[in-house]
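J.: Here is my input; please provide its structure:
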Amino acid sequence: MDTPPRLLTLVRHSLRTEHYSPRTESAYVDWIVRFVHFCGLRHPRELGALEVERFLTHLATEGKVAAATQNQALAALLYLYRKVLGVELPWLDGLVRAPQRPRLPVVLSKAEVAAVLAELQGTPRLIGGLLYGAGLRLLECLQLRIKDVDFDRHAITVRSGKGDRDRQTLLPAPLRTELLRHRELVDRRHRQDVQRGAGWVELPHALAEKLPNAGRQWAWQWFFPATRTYLHEPTGQHRRHHFHETAVQKAVHEAVLRSRIAKRASCHTFRHSFATHLLQDGTDLRTIQKLLGHADVRTTMIYTHVVDRGPFGVRSPLESLDVAAPSATQHLASPAGFGAADSAGDDDGGDAPELDSSAEDPGRSGERGE
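T.: Below is the predicted model:
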């Protein structure tokens, strides 16, 4: 008698059948494993709504996870019961929800974007330019194929973006020459790979079965390929992966530190800055929504709160005063500095206490802040 497939095998097969992304598959499987361990390694068929409520409430109260994290765990368990086990859970009335706390995105000024990009080199610099110049998510940029970058129409096509939707965005004109030069180098490397029996890439879904040779064709190659090849054991093909996201994340992180920008910026900050700067330059929200690929314009409206005129575009009443505010640099340059009024009334005559030497070390303080 054949052994029935394991639960996680059924979950993975179901997710792949419905074309969920590999990252969603990995996240859902991880939540299901955590749920099973939380319930003492009992099979989910023996569990129900009460155990699901306990697990999700534990995440909110003991784990103190964000609302989005709790929602992801809920989605994973609902998928398990509905799609895999064929069980419809009753409404989870006793669930303690993680609090929803709206967060404003971190946005760089144009000068700060230029400073960070100036600190990047090579392929990460091109990728950073596209993240800001086209508003791409990091993986959307890294998973671009040669055929997706149209230099004649100045357009970039994003395939299977968030929500499995396709969209088009603009190709930044200042990057055109560098991108063309980069594509020539990729073409030369691909020809060399083909000559030595390699030159394959992974294809989406079942396209490899429909077009067996497409994985070696120029149009399907990654626009930003990895520097090394690997052996795909199921097919025996020597393939190239796309440039790895962690390499870009590390390069951007180090560039932000070197540029001395006092913001917790990341790769995704370029996308936030793209939308905010378009809004400042007068681009309408609907156009920005299409370029970003948001399903709902309300998601795009978050950028109206971070334009350079302050929240809601309101001017501070201080700007209308005739008397100028005292200069901070003049204040810092005064002999007494901060607390001069307090020290004037102090007739103790004692010396000021010495500061801890670690507070004077900018390198050590920078490490603590990061």
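J.: Point me to the helix or strand that includes residue 227.
T.: Element membership of residue 227, judged by DSSP states H and E, is strand 225-232.
J.: got the contact list for whichever helix or strand comes after that strand?
T.: Elements were assigned by DSSP H and E; along the chain past strand 225-232, the next helix or strand is strand 237-242. With CB atoms under 8 Å, 6 or more residues apart in numbering as the contact definition, strand 237-242 has outside contacts at 142-143, 193, 197-202, 215, 221-222, 224-226, 228-232. Just so you know, the C-beta spots here come from the backbone N, C-alpha and C atoms, and that holds for glycine as well.
J.: where do the strands sit along the protein?
T.: 149-150, 155-158, 167-170, 225-232, 237-242 (DSSP state E).
J.: what would those look like in JSON lines with mean neighbour count, mean pLDDT and distance to residue 55?
T.: What follows is the strands of the chain, written out as JSON lines (neighbours: other CB atoms under 10 Å; pLDDT from 0 to 100; distance: least, CB to CB, whole Å):
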{"stretch": "strand 149-150", "mean neighbour count": "16", "mean pLDDT": "96", "distance to residue 55": "44"}
{"stretch": "strand 155-158", "mean neighbour count": "19", "mean pLDDT": "96", "distance to residue 55": "35"}
{"stretch": "strand 167-170", "mean neighbour count": "16", "mean pLDDT": "95", "distance to residue 55": "36"}
{"stretch": "strand 225-232", "mean neighbour count": "14", "mean pLDDT": "94", "distance to residue 55": "37"}
{"stretch": "strand 237-242", "mean neighbour count": "18", "mean pLDDT": "95", "distance to residue 55": "35"}
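J.: Spatially central residue in the protein, please.
T.: When the chain is reduced to its mean C-alpha position, the nearest residue by CA atoms, centre = their mean turns out to be residue 268, at 4.5 Å.
J.: Turn the strands of the chain into JSON lines, including distance to residue 15.
T.: Compiled in JSON lines, the strands of the chain are given as follows (distance: least, CB to CB, whole Å):
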{"stretch": "strand 149-150", "distance to residue 15": "30"}
{"stretch": "strand 155-158", "distance to residue 15": "22"}
{"stretch": "strand 167-170", "distance to residue 15": "23"}
{"stretch": "strand 225-232", "distance to residue 15": "21"}
{"stretch": "strand 237-242", "distance to residue 15": "21"}
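J.: Tell me which of the ones you listed sits nearest to residue 302.
T.: Ranking the strands of the chain by their distance to residue 302 (criterion: CB to CB) puts strand 167-170 first, at 18.6 Å.
J.: Show me what that closest one is packed against.
T.: In terms of contacts (3 or more CB pairs under 8 Å, 6 or more residues apart in numbering; DSSP states H and E), strand 167-170 is packed against helix 122-134, strand 155-158, helix 285-292.
J.: Mean neighbour count, these: which tops it?
T.: Among the helices and strands packed on strand 167-170, the stretch with the highest mean neighbour count (mean count of other CB atoms under 10 Å) is helix 122-134, at a mean of 21.
J.: Alpha carbons of that one, as CSV, please.
T.: Extracted as CSV, the C-alpha positions of helix 122-134 are listed here (Å, rounded to 0.1, in the frame of the first residue of the first chain):
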residue,chain,number,x,y,z
GLY,A,122,29.0,48.4,-10.2
THR,A,123,25.8,46.4,-10.5
PRO,A,124,24.4,47.6,-7.1
ARG,A,125,24.6,51.1,-8.4
LEU,A,126,22.6,50.3,-11.5
ILE,A,127,20.1,48.4,-9.4
GLY,A,128,19.8,51.3,-6.9
GLY,A,129,19.3,53.7,-9.8
LEU,A,130,16.4,51.6,-11.1
LEU,A,131,14.8,51.2,-7.7
TYR,A,132,14.7,55.0,-7.4
GLY,A,133,14.3,56.0,-11.1
ALA,A,134,11.5,53.4,-11.9
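J.: just to revisit the earlier point, between the helices and strands packed on strand 167-170, which gets nearest to residue 258?
T.: Closest to residue 258 of the helices and strands packed on strand 167-170 is helix 122-134 (CB to CB; 12.9 Å).
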